[in-house]
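Peer 1: Sequence and predicted structure below; questions after.
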Amino acid sequence: MKKIIGMLSIVMLLIVVIFLMNGKEKVTNENVLVIGLDDSFPPMGFRNENNEIVGFDIDIAKAVCEKLGMEMQLQQISWASKEQELNSGNIDCIWNGFAYTEDRAKTMTLTENYIKGKNIFILKDGNTAKSQSELQEMKIGVQSGSSQQLDLENSEFGKNVEIIPYSDNLTAFMDLETGGVDSIFCSSIIGNYLIQSKNKNYETIDSENISVSNGSVVAFKQGNTKLRDKIQNALYELKADGTLKQISEKWFGEDMITVKENK
């Protein structure tokens, strides 16, 4: 009997030690921001030729962490299980061109939109079309499985064009160059980056009555307003000092930031 009691005492002691160690680790990690991302999503977050993760969102997250005195830790995750990664505590936030939706707002704690693009048509230099209506009867390329494809297929305008899906926007751009399609329909966030990186002349036309972009947000576990507010306030300050504008112009050639300077 004494032996059993002794063993139980040891087990209880181990449980207490583990609890205290976990508590200590949690305090230590408060200064580390673990960001979950898909590392193959240019220009928001992707690997460069040196296998380094770079991108628009990476630069902003880095600036936020420097402002807050936090260490940034990037963690590649399966995009299909991003919510589980967040809810399990494996990551602190999702920060990777994460679009706002009403459903996500119900299950996660979100920042305000920090960048809001729009959907555009990209045309090769020399195409004489100046408005969306002039693109009717033409071949329009879209990324397969994208919201742009779904919106275009469900629109009235989409009934009057030939929609050509591609595995990715880079392949669509290649076909645009060779005349396989007359235009590409994509997010201006992605489109402007690709235009800038290719260093070629392209024409763009804003879309009309097809879809409305809700912009990108940073997502946290539901109820984690403390960390959300820290990040949000840092974004306000980085907007005020011009840092966000500089990062946007670096990646997109223009200021696409929607963050307010203060709340």
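Peer 2: Noted; the coordinates are in hand. Numbers count the residues shown, from 1 in each chain.
Peer 1: Spell out the residue ranges of the strands in the chain.
Peer 2: For the chain, the strands identified by DSSP state E occupy 32-37, 40-41, 45-47, 53-54, 71-76, 93-99, 108-110, 119-124, 139-143, 162-166, 183-187, 202-206, 216-221, in order along the chain.
Peer 1: Can you say which of the ones you listed is packed in most?
Peer 2: Compared across the strands of the chain, strand 183-187 shows the largest average neighbour count, a mean of 26 (mean count of other CB atoms under 10 Å). All C-beta spots, glycine's among them, are computed from the backbone N, C-alpha and C.
Peer 1: any chance of the strands of the chain in a markdown table, plus distance to residue 251?
Peer 2: Output for those, formatted as a markdown table (distance: least, CB to CB, whole Å):
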| stretch | distance to residue 251 |
| --- | --- |
| strand 32-37 | 15 |
| strand 40-41 | 13 |
| strand 45-47 | 11 |
| strand 53-54 | 10 |
| strand 71-76 | 17 |
| strand 93-99 | 12 |
| strand 108-110 | 22 |
| strand 119-124 | 16 |
| strand 139-143 | 19 |
| strand 162-166 | 22 |
| strand 183-187 | 13 |
| strand 202-206 | 17 |
| strand 216-221 | 13 |
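Peer 1: Nearest residue to the most centrally placed residue in the chain in space, please, no chain neighbours.
Peer 2: Within the chain, the residue whose C-alpha comes closest to the C-alpha centroid is residue 97; the distance, by CA atoms, centre = their mean, is 0.9 Å. In space, and not counting its chain neighbours, residue 97 is closest to residue 44: 3.7 Å by CB to CB, 6 or more residues apart in numbering.
Peer 1: list the contacts for the closest residue to residue 55 other than its chain neighbours?
Peer 2: What sits nearest to residue 55 in space, not counting adjacent residues and going by CB to CB, 6+ apart, is residue 45, at 4.1 Å. When contacts are counted by CB atoms under 8 Å, 6 or more residues apart in numbering, residue 45 is found next to 37-39, 53-58, 74, 95-97.
Peer 1: Can you read off the pLDDT for residue 45?
Peer 2: At residue 45, the model reports a pLDDT of 90.
Peer 1: Closest to residue 218 out of the contacts of residue 45?
Peer 2: Nearest to residue 218, judged by CB to CB, of the contacts of residue 45 is residue 95 at 4.9 Å.
Peer 1: I figured that closest one hits residue 38, correct?
Peer 2: No: look at residue 95 against residue 38 with CB atoms under 8 Å: they stay out of range, at 10.7 Å.
Peer 1: Mind telling me which of the strands of the chain the model trusts least?
Peer 2: strand 40-41 (a mean of 76).
Peer 1: Now do residue 200, the pLDDT please.
Peer 2: Turning to residue 200, the model gives it a pLDDT of 76.
Peer 1: Apart from its neighbours in sequence, what residue is nearest it?
Peer 2: The nearest residue in space to residue 200 (CB to CB, 6+ apart) is residue 125, at 7.3 Å.
Peer 1: Tell me the spacing between that neighbour and residue 187.
Peer 2: 21 Å (CB to CB, to the nearest Å).
Peer 1: What's opposite the residue nearest to residue 55 in the beta bridge?
Peer 2: For residue 45, the beta-bridge partners under DSSP bridges are residue 41.
Peer 1: how much space between it and residue 181?
Peer 2: 27 Å.
Peer 1: Give me the below-cutoff pLDDT ranges for the stretch 51-200 of the chain.
Peer 2: Low-confidence segments of the stretch 51-200 of the chain (pLDDT under 70): 145-147.
Peer 1: So residue 90 sits against residue 36, correct?
Peer 2: Yes: contact between residue 90 and residue 36 holds when scored by CB under 8 Å: they sit 7.5 Å apart.
Peer 1: what sits in contact with each of those two?
Peer 2: Common neighbours of residue 90 and residue 36, using CB under 8 Å, 6+ apart, are 75, 77.
Peer 1: check contacts around residue 91.
Peer 2: Neighbouring residues of residue 91 by CB under 8 Å, 6+ apart: 34-36, 75, 77, 85.
Peer 1: again with residue 206
Peer 2: Contacts for residue 206 (CB under 8 Å, 6+ apart) come out as 118, 120-121, 132.
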